[in-house]
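1. Following is a predicted model, sequence given first.
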Amino acid sequence: MSRIGKKPIEIPSGVTVDVKGNLVTVKGPKGEDSQQIAENIKVELKENELVLTTAHEIPTKEENQNHGLYRSLVNNMVVGVTEGYTKELQIEGTGYRASKQGKNLVMNLGFSHQVTMKDPEGIETEVKGDRNIIVKGINKQLVGEYAANIRNWRKPEPYKGKGIRYVDEHVRRKVGKTGK
């Protein structure tokens, strides 16, 4: 059995979980999220806990993998609808800045044009100052993916450290050329 899959998921007060066949829907104060579960995993709702089990007594390798995976995905949904997820990005470089125009994130990143990104549904961006971007949402995957898409416009380069990086990311710096 999967070690992660064996752990029950505690459902906090104010959160409702609905299980219909293989579809798990979680509603909470921040919103609603749903996940389709593999057919070889059973979901049981016991009082204020959600328990995932494999279909067979001795699980196959695939069932074991799915057991831990879907337990993590459902737990992420419960955390998302109660607390939400955030990723912080920092812009480094002369003339590099970001601003918010309605639902659009507008960035000046050294190109001849501004980069405009529309916030996807369920994701909200916030700009602090003109150097910090905060991506918020209830779905952990979407928050991480959108933050990675923003970062891909200008990844941090190793010589001067210019670009977009995560706040907790360390950029290894290289020594430049030396003239003789």
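-> Received the coordinates, thanks.
2. Do you know the pLDDT at V26?
-> Looking at V26, its pLDDT is 95.
3. partner residues bridging it?
-> For V26, the beta-bridge partners are V17, D33 (DSSP bridges).
4. Which strands or helices does the longest strand seen in the chain pack on?
-> If you go by DSSP state E, the chain has its longest strand at strand 85-92. Secondary-structure packing of strand 85-92 (3 or more CB pairs under 8 Å, 6 or more residues apart in numbering; DSSP states H and E): strand 132-137, helix 140-152, strand 163-166. Just so you know, the C-beta spots here come from the backbone N, C-alpha and C atoms, and that holds for glycine as well.
5. Report the angle between it and helix 140-152.
-> Strand 85-92 and helix 140-152 are oriented at 10 degrees to each other (axes from the mean of the first three to the mean of the last three CA atoms, to 10 degrees).
6. ok and the longest helix seen in the chain relative to strand 85-92, angle-wise?
-> Longest helix of the chain, by residue count under DSSP state H: helix 61-82. Angle between the axes of helix 61-82 and strand 85-92 is 80 degrees (criterion: the same axes, to 10 degrees).
7. Please report how far the residue nearest the centre of the chain lies from N75.
-> With distances taken as CA atoms, centre = their mean, K140 lies nearest the centre of the chain, 2.9 Å away. To N75, K140 is 10 Å away according to CB to CB, to the nearest Å.
8. Overlap in contacts, these two.
-> Residues touching both K140 and N75 (CB atoms under 8 Å, 6 or more residues apart in numbering): none.
9. could you measure T25 against I37, distance?
-> Counting by CB to CB, the gap from T25 to I37 is 11 Å.
10. Compare these two (neighbour count), which wins?
-> Neighbour count, other CB atoms under 10 Å: between T25 and I37, I37 has more, with 20 against 14.
11. Contacts only, for the more buried one.
-> Neighbouring residues of I37 by CB under 8 Å, 6+ apart: N22, L23, V24, V43, L52, Y70, V74.
12. can you pick the most crowded of those?
-> Compared across the contacts of I37, L52 has the highest neighbour count, 27 neighbours, by other CB under 10 Å.
13. Can you classify G176 as helix, strand or coil?
-> Using DSSP: H, G, I helix; E, B strand; the rest coil, the structure places G176 in coil.
14. now T116
-> Under three-state DSSP, T116 falls in the strand class.
15. got it, and the one 4 residues further on?
-> P120 carries the three-state label coil when classified by three-state DSSP.
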